[in-house]
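> generate coordinates for the sequence data below:
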Amino acid sequence: MQDLNALIMRGQREGVLRQDLDETKVYLSVISLSMFYLTNATTLSATVGLDLSDANEVNRWREHVINFVIAALRG
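I've put the predicted structure just below:
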């Protein structure tokens, strides 16, 4: 958490990250976006009609999470 807090603070000082970020919420958000997908891939695959455990789908989700988090952090 200290490393994440240091990164957030640096980004805020440099003016590239929002000033109202909470490192705990950022951490929990990233973990949630990652773990929910991975732990529920079988059920979600049946729901959305894709094999979410396929390496290409996992990579697509990874890229989505990265872009999503960056957009949220920059606001």
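
> need the contact list for the residue nearest the centre of the chain.
The centroid of the chain falls nearest to Val30 when counting by CA atoms, centre = their mean (3.6 Å). Residues near Val30 by CB atoms under 8 Å, 6 or more residues apart in numbering: 65, 69. C-betas here are computed from N, CA, C, even on glycine.

> from Ala46, how far out is it?
Taking CB to CB, to the nearest Å as the measure, Val30 falls 26 Å from Ala46.

> kindly report the same for Ser32.
Here the criterion is CB to CB. By it, Ser32 lies 21 Å from Ala46.

> what does Trp61 give?
Trp61 is 16 Å from Ala46, by CB to CB.

> looking at these two, which is more packed in?
Using other CB atoms under 10 Å as the criterion, Trp61 and Ala46 rank with Trp61 on top: 16 against 11.

> that one contacts Asn40, doesn't it?
No - the criterion here is CB atoms under 8 Å, and Trp61 misses it with Asn40 at 11.7 Å.

> what helix or strand is Arg18 located in?
Counting by DSSP states H and E, there is no helix or strand that carries Arg18.

> for Val69, give me its contacts.
The contact partners of Val69, taken as CB under 8 Å, 6+ apart, are 26, 29-30, 33.

> out of those residues, which comes closest to Ala6?
Ala6 lies nearest to Val26 out of the contacts of Val69, by CB to CB, at 12.5 Å.

> the closest one: what secondary structure?
Under DSSP: H, G, I helix; E, B strand; the rest coil, Val26 falls in the helix class.
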